[in-house]
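Peer 1: Coordinates for the following, if possible.
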Amino acid sequence: MISVGEHGRDAARSYLNRSKVAPLTQPIDFTLKDRVAIVTGAGSGIGHGIALALAAAGAHLVVAGRTAATLEAVRKEVEGIGRRALVVQADVTSAGDIDTIVRRTQEGFGRIDILVNN
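Peer 2: From the prediction side, this is the model:
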């Protein structure tokens, strides 16, 4: 569970009161079954967590980043969840590498549904 602290809860209540949005009382049935997601920086930290969360929600993944060994480890984790994964070693500060990520995703999955530029 994520803790937002008292200030965060007060801000959320204030927003809900002003916007007349009803608070959620039931869990959301969230699925990304067979969607294709690119996650940059997927080899560690937040990118790694996002990649695993997307896979757990049903998405197939393209894990992109600079270090092949860590990306391979994430690929194995994603496949362990039962989803397909493709590793693309790339540096997102390079336009050519960005083109490679897109091209390899299209070749491997035929489309791109989600992009997480971490």
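Peer 1: Let me know the pLDDT of residue 17.
Peer 2: At residue 17, the model reports a pLDDT of 62.
Peer 1: Could I get the full set of strands for this structure?
Peer 2: Under the criterion DSSP state E, the chain contains strands at 36-40, 60-65, 85-89, 114-116.
Peer 1: would CSV of these with distance to residue 102 be doable?
Peer 2: No exception for glycine: its C-beta is placed from N, CA and C like everyone else's. CSV is the format used below for these (distance: least, Cβ to Cβ, whole Å):
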stretch, distance to residue 102
strand 36-40, 8
strand 60-65, 9
strand 85-89, 9
strand 114-116, 9
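Peer 1: What residues sit buried inside stretch 60-76?
Peer 2: Within stretch 60-76, the residues that qualify as buried by neighbour count (16 or more other Cβ atoms under 10 Å) are 60-65, 70-71, 73-75.
Peer 1: hmm, back to that, turn the strands of the chain into a markdown table, including distance to residue 54 and mean pLDDT.
Peer 2: Shown next, in a markdown table, are the strands of the chain (distance: least, Cβ to Cβ, whole Å; pLDDT from 0 to 100):
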| stretch | distance to residue 54 | mean pLDDT |
| --- | --- | --- |
| strand 36-40 | 5 | 98 |
| strand 60-65 | 6 | 98 |
| strand 85-89 | 10 | 98 |
| strand 114-116 | 7 | 97 |
